[in-house]
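Participant: just to be clear, the model below is a prediction. Sequence and coordinates:
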Amino acid sequence: MPQRPIRNPGPTTFLYFLAGTLVAAGGLVVWGMPPGPALIVTVNAVTFVLFGWDKRMASRSGSRIPETCLLGLAFVGGSPASLFGQVVFRHKRRKTSFRQISWGIVALQILVLLAYTSIRA
């Protein structure tokens, strides 16, 4: 059986996942969850699932999720799920550049959170 060629999903993949995330978060808001937590929960759920999916596709030589998409979701709030997904699925743990960017995103988010809380205080 001939093996399918690996295709690059392209830069719009991140936008599709982000749009799906916003729709899912909107569903949680309709059910009564406040918008901020609904978005964070949904972004983290999508990020975690995509790490698992990408690991599965990596082992099967299938269509992969672009790193920019995984890092983009971490940047918009999915960094806890990104770090958790790296551990649970043992995925992207050897790639030093990916880990450095992931931790850089976490550091940036912590700085933004600290700045936000100091302004509100």
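Facilitator: All right, it came through fine.

Participant: can you pull the pLDDT of Gly10?
Facilitator: Turning to Gly10, the model gives it a pLDDT of 55.

Participant: can you check the one 10 residues further on too?
Facilitator: Reading off the confidence values, Gly20 has pLDDT 76.

Participant: what does Lys55 give?
Facilitator: On the pLDDT scale, Lys55 gets 85.

Participant: that one and Arg94, how far apart?
Facilitator: 12 Å (CB to CB, to the nearest Å). Placement of C-beta: from N, CA and C, glycine included.

Participant: now swap in Gly52 and tell me
Facilitator: On the measure of CB to CB, Gly52 and Arg94 end up 17 Å apart.

Participant: try Arg60
Facilitator: The value you get for Arg60 to Arg94, if CB to CB is used, is 19 Å.

Participant: and for the helix or strand of the chain with the lowest mean pLDDT, what's in contact with it?
Facilitator: Lowest by mean pLDDT, DSSP states H and E among the helices and strands of the chain is helix 12-30, with a mean of 73. Identification of contacts with helix 12-30 by CB atoms under 8 Å, 6 or more residues apart in numbering yields 35, 38-39, 41-43, 45-46, 50, 65-66, 68-69, 72-73, 76.
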